[in-house]
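Trainee: Sequence and computational prediction follow.
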Amino acid sequence: MDKSSIIGITLGVVCVSFVCWRASEGHLAMFYSEKGLIMVLGGTISVLFMAMPLSKLRQVPGYVKRFMFDRRMSLEQTVSTMNTLSEKARREGILSLESDLDTIDDSFLKQGVRMVVDGTDEEMVETTLRMEIVAMQERHRSGKKFFDLIKLYAPGYGLVATLIGQIGMFGNLGGDIETLGNLLAIAVIATMYGALLANGIAGPMGDKLSMRSNEELMGKEMMLQGILSIQTGENPRATQERMLAFVPQASRQNFIKKAA
């Protein structure tokens, strides 16, 4: 489980809960509005169904899982693994890598190594793996889009609920003060729901998914370059240098030490 996500969620919940508790003097029920929830949550969900195909919405649990868990191979692990495979291929031949297929956890790397072991043409290997990268990028873009839509439209539906509450207030001017209070509560609380949903949940989750997507795509490109280097029989040191081209100069020595 991603520690920074847990820390962020915990801090957010604690801060909001503490401020609400102090503002309401312990009467937290005043921050609940059934009508506000229906307007903001229901309205946002309706937008998601209008903006995204059902096939993408079925993947929402996967988007949340990717936010909470980071199971991708780190860049250090990628460099280390590719170094190991390159040295073995150089020492024992490419066919010797077949015995390592069952120990490779990354499906992309396993596919590339299997194609190399099977003697697939270099151009075909690169074309196939690049298609995998493009497909992966599109899947990641769908996850980011899901949270971007919530971030964009949740505050809008909060504003709609606010306007509805204000219209109700104007229509009941001079009437029961309790009715006016309830309508005002709907107006204000719905705006709060929309702001929290957009800025406290959807925005950070979408940004983290985007960052992880970029890091994972970089890792796949490193694997691709390593696989092509192994296939052409390059020196393991050359394979490492090719992959480290994706790493900032200031961090390369640390990568080399950890991969060694």
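Mentor: Arrived safely. Worth saying up front: this structure is predicted, and the values here are computed from it rather than measured.
Trainee: Give the buried residues for stretch 122-134.
Mentor: Residues of stretch 122-134 classed as buried: 125-126, 129, 132-133 (neighbour count, 16 or more other Cβ atoms under 10 Å). Heads up, the C-betas are built off the backbone N, CA and C, glycines and all.
Trainee: Export only the CA atoms of that stretch, formatted as PDB.
Mentor: Output of stretch 122-134 as PDB, limited to C-alpha atoms (Å, rounded to 0.1, in the frame of the first residue of the first chain):
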ATOM      1  CA  GLU A 122      14.300  -6.900 -33.900                       C
ATOM      2  CA  GLU A 123      12.000  -4.600 -35.800                       C
ATOM      3  CA  MET A 124       9.000  -6.700 -34.900                       C
ATOM      4  CA  VAL A 125      10.000  -6.800 -31.200                       C
ATOM      5  CA  GLU A 126      10.300  -3.000 -31.100                       C
ATOM      6  CA  THR A 127       7.000  -2.500 -33.000                       C
ATOM      7  CA  THR A 128       5.100  -4.900 -30.700                       C
ATOM      8  CA  LEU A 129       6.400  -3.500 -27.500                       C
ATOM      9  CA  ARG A 130       5.800   0.100 -28.600                       C
ATOM     10  CA  MET A 131       2.200  -0.800 -29.300                       C
ATOM     11  CA  GLU A 132       2.000  -2.200 -25.800                       C
ATOM     12  CA  ILE A 133       3.300   1.100 -24.400                       C
ATOM     13  CA  VAL A 134       0.800   3.100 -26.500                       C
END
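Trainee: what sits up against it?
Mentor: The contact list for stretch 122-134 (Cβ atoms under 8 Å, 6 or more residues apart in numbering) reads 108, 111-112, 115-116, 120, 217, 220-221, 224, 227-228, 231-232.
Trainee: Apply 10 Å and report the result again.
Mentor: The contact list for stretch 122-134 (Cβ atoms under 10 Å, 6 or more residues apart in numbering) reads 107-109, 111-113, 115-116, 118, 120-121, 216-217, 220-221, 223-225, 227-228, 231-232.
Trainee: Which pLDDT does the model give residue 129?
Mentor: Residue 129 is assigned a predicted lDDT (pLDDT) of 92.
Trainee: mind checking how far the host helix or strand of it is from the chain centre?
Mentor: If you go by DSSP states H and E, residue 129 is part of helix 122-171. Here helix 122-171 is found 11 Å from its chain centre; the criterion is Cα atoms, centre = their mean, to the nearest Å.
Trainee: That's all I had, so thanks and see you.
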